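*Asks:* The following block contains a protein sequence and its predicted model.
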Amino acid sequence: MYELKTKESDHSVIEFIESVDNPKKREDAYKLLDIFVETTGYPAKMWGTSIIGFGSYHYKYDSGHEGDAPLVGFSPRKAKHSLYFATGETEREELLKEFGKHTTGKACVYINKVADIDTDVLKKLIQASIRFLKEKYPNQKS
């Protein structure tokens, strides 16, 4: 049976951020931490070894695969900060037009630094992702 690698853990978010080598990335990680905590109302938790997540939901796909994931999150990676939002959320594309300098993947939005983006748009992206997941997966403990 498939074992999820990215599970919520009791590892320290602050210790993880402090382990980021680049001082500017570390400073931006603290800025992102403040924005995500303030916007979500959830405490920051480590998911796996490198994702800081907020809230959680249980998903189950038609294939039968199921698991738990953070509602939103971020990771201060070496190259760029990865921001994790829901896939399939419809407001994302419109909001990203006003977001600032970024690139995208399927679920991730990548930024070099917080100064490159509009933090008000970031807050809207966070809220839209949470709203979408709560509608898609109702009756969650989050």
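*Replies:* All right, it came through fine.

*Asks:* Show me what the host helix or strand of residue 129 is packed up against.
*Replies:* If you go by DSSP states H and E, residue 129 is part of helix 119-136. Applying 3 or more CB pairs under 8 Å, 6 or more residues apart in numbering; DSSP states H and E, we find helix 119-136 packed against helix 23-40, strand 72-76, helix 92-96. (Each C-beta comes from the backbone N, C-alpha and C, glycine too.)

*Asks:* quick one: buried residues of that helix?
*Replies:* By 16 or more other CB atoms under 10 Å, the buried positions in helix 119-136 come out as 119, 122-126, 128-130, 132-134.

*Asks:* Restrict stretch 19-34 to CA atoms and write it as PDB.
*Replies:* Extracted in PDB, the C-alpha atoms of stretch 19-34 (Å, rounded to 0.1, in the frame of the first residue of the first chain):
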ATOM      1  CA  SER A  19      17.800  26.000   9.400                       C
ATOM      2  CA  VAL A  20      17.400  27.900   6.100                       C
ATOM      3  CA  ASP A  21      20.900  28.900   5.100                       C
ATOM      4  CA  ASN A  22      20.200  32.000   3.100                       C
ATOM      5  CA  PRO A  23      19.400  34.900   5.500                       C
ATOM      6  CA  LYS A  24      17.100  36.700   3.000                       C
ATOM      7  CA  LYS A  25      15.200  33.400   2.300                       C
ATOM      8  CA  ARG A  26      14.900  32.900   6.100                       C
ATOM      9  CA  GLU A  27      13.600  36.500   6.600                       C
ATOM     10  CA  ASP A  28      11.100  36.000   3.800                       C
ATOM     11  CA  ALA A  29      10.000  32.700   5.400                       C
ATOM     12  CA  TYR A  30       9.200  34.500   8.600                       C
ATOM     13  CA  LYS A  31       7.200  37.100   6.600                       C
ATOM     14  CA  LEU A  32       5.300  34.300   4.800                       C
ATOM     15  CA  LEU A  33       4.700  32.600   8.200                       C
ATOM     16  CA  ASP A  34       3.100  35.800   9.500                       C
END
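
*Asks:* Below-threshold pLDDT in this structure: ranges please.
*Replies:* Applying pLDDT under 70 to the chain flags the ranges 1-6, 140-142.

*Asks:* can you rerun that using 80?
*Replies:* 1-6, 61, 65, 106-107, 139-142 (pLDDT under 80).
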